[in-house]
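A.B. asks: sequence plus predicted model, see below.
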Amino acid sequence: MKFKTRQKIESHIPTASMADIVLLLLIFFMVTTIFKLEEGLPITLPRAESGADQERERLVHIWADRFSRISINDKLVRTENINAIVAAKLEENRGLIVAFNVDHRTKYLLVSDIMEELKDANAVNVSFTSMYEED
Amino acid sequence: MIKKRSKVSSEFSTASMSDINFLLLIFFLVSTMFAVEKGLPMALPGKGSKTVKLKRDNVLNVQAYANGSIVIRGVGPVSVGEIKSVIERKLEANPKLVIVIETHPEADYGIMVDILDELRLARATKISLRTLRTSAE
């Protein structure tokens, strides 16, 4: 009588494809990573509970601090120049959203002046950037 | 005597490749920030938009003063926390209500955002922003 020879089961996991998997993940993260380019101004954002996520690709930031300084693209600008800058950006991207990164202690006058400039440039979509409020 | 020629291997080892990849991967994993920006969206009236005449009954003014006080026209002074319930009640009574936030030029921007936040929480959709002109001006 013949005995069946015992089957040998190999116990190791092939790791040859590991490098490929890791490389794929690496490429994914390399492609999706966006390094923050804009410094802006040192501000404390107002807190809000109802803040909604904004699409990054459509945002243009306007920074304003409580000393009434306004910054766009890391350049200090005067209120009357906002119109031209935003209008140029609107040419490139029609669905532009202007994000107000404004310190909560800024006087409303400055914010309303900026909004008037945006109305003139026909940039009607704005977003008041806020921090999420935790109770 | 002739020196024995040393054999030079033409292959380079790829065993450490995955380690290098791993290191790079970990770097990008850590440095990636999926920073989602939160904001209160708002549509401003554009250059070409027409002025719409509203019935007085359909307008509710919320006024923010320079000293930080908030007054709802017809209700009186309120705190930030009270706005939501007041607006909810008003909207229930009249769904066509347009809420106008009137902010004094000297008032803090933060107060305006507080009010806007409360209005959004009360599910108010028709919101308008204005600068408050006091009678003294």
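C.D. replies: Sure, I can see it.

A.B. asks: so is stretch A:82-89 next to chain B?
C.D. replies: No: using CB under 8 Å from any CB of the partner chain, we find that stretch A:82-89 stays clear of chain B, coming within 10.8 Å at best. Where you see a C-beta, it was placed from the backbone N, CA and C, and this is true even at glycine.

A.B. asks: how about the CA coordinates for that stretch, as CSV?
C.D. replies: In CSV, the C-alpha atoms belonging to stretch A:82-89 read as follows (Å, rounded to 0.1, in the frame of the first residue of the first chain):
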residue,chain,number,x,y,z
ILE,A,82,-8.7,94.8,-4.6
ASN,A,83,-11.2,95.3,-7.5
ALA,A,84,-8.5,94.9,-10.2
ILE,A,85,-6.7,92.0,-8.5
VAL,A,86,-9.9,90.0,-8.0
ALA,A,87,-11.2,90.8,-11.4
ALA,A,88,-8.0,89.4,-12.9
LYS,A,89,-8.4,86.2,-10.9
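
A.B. asks: starting at the chain centroid, how far to it?
C.D. replies: For stretch A:82-89, the distance from its own C-alpha centre to the chain's C-alpha centre is 20 Å (CA atoms, centre = their mean, to the nearest Å).

A.B. asks: again with stretch A:23-30
C.D. replies: 21 Å.

A.B. asks: start and end of stretch B:30-43, how far apart?
C.D. replies: This stretch, stretch B:30-43, spans 36 Å end to end (CA to CA, to the nearest Å).

A.B. asks: tell me how far that stretch lies from the chain's centre.
C.D. replies: For stretch B:30-43, the distance to the chain centre is 9 Å (CA atoms, centre = their mean).

A.B. asks: what packs against the lowest-mean-pLDDT helix or strand in chain A?
C.D. replies: One helix or strand of chain A scores below all others by mean pLDDT, DSSP states H and E: strand A:131-132, with a mean of 80. If you count contacts as 3 or more CB pairs under 8 Å, 6 or more residues apart in numbering or on different chains; DSSP states H and E, strand A:131-132 packs onto strand A:47-48.

A.B. asks: counting by contacts, list what the strand it packs on packs against.
C.D. replies: Counting by 3+ CB pairs under 8 Å, 6+ apart, strand A:47-48 packs on strand A:131-132, helix B:109-121.

A.B. asks: quick one: contacts of it?
C.D. replies: A:104, A:128, A:130-133, B:38, B:40, B:113-114, B:116-117, B:120 (CB atoms under 8 Å, 6 or more residues apart in numbering or on different chains).

A.B. asks: looking at the residues you listed, which is nearest residue B:102?
C.D. replies: Residue B:102 has its nearest neighbour among those in residue B:116, at 12.4 Å by CB to CB.

A.B. asks: in which helix or strand does the closest residue to the closest one other than its chain neighbours reside?
C.D. replies: Of all residues beyond its chain neighbours, the one nearest residue B:116 is residue B:40 (5.4 Å), with distances taken as CB to CB, 6 or more residues apart in numbering or on different chains. Assigned by DSSP states H and E, residue B:40 falls within strand B:37-43.

A.B. asks: would you mind identifying the next helix or strand past that strand?
C.D. replies: Following strand B:37-43 toward the C-terminus (DSSP H and E): strand B:59-64.

A.B. asks: related to what we said a few turns ago, okay if I get the contacts of strand A:47-48 as CSV plus neighbour count and distance to residue B:58?
C.D. replies: Converted to CSV, those look like this (neighbours: other CB atoms under 10 Å in any protein chain shown; distance: CB to CB, whole Å):
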residue, neighbour count, distance to residue B:58
A:104, 19, 31
A:128, 23, 25
A:130, 26, 28
A:131, 13, 33
A:132, 12, 33
A:133, 14, 30
B:38, 19, 30
B:40, 22, 23
B:113, 25, 24
B:114, 24, 24
B:116, 25, 19
B:117, 23, 23
B:120, 21, 19
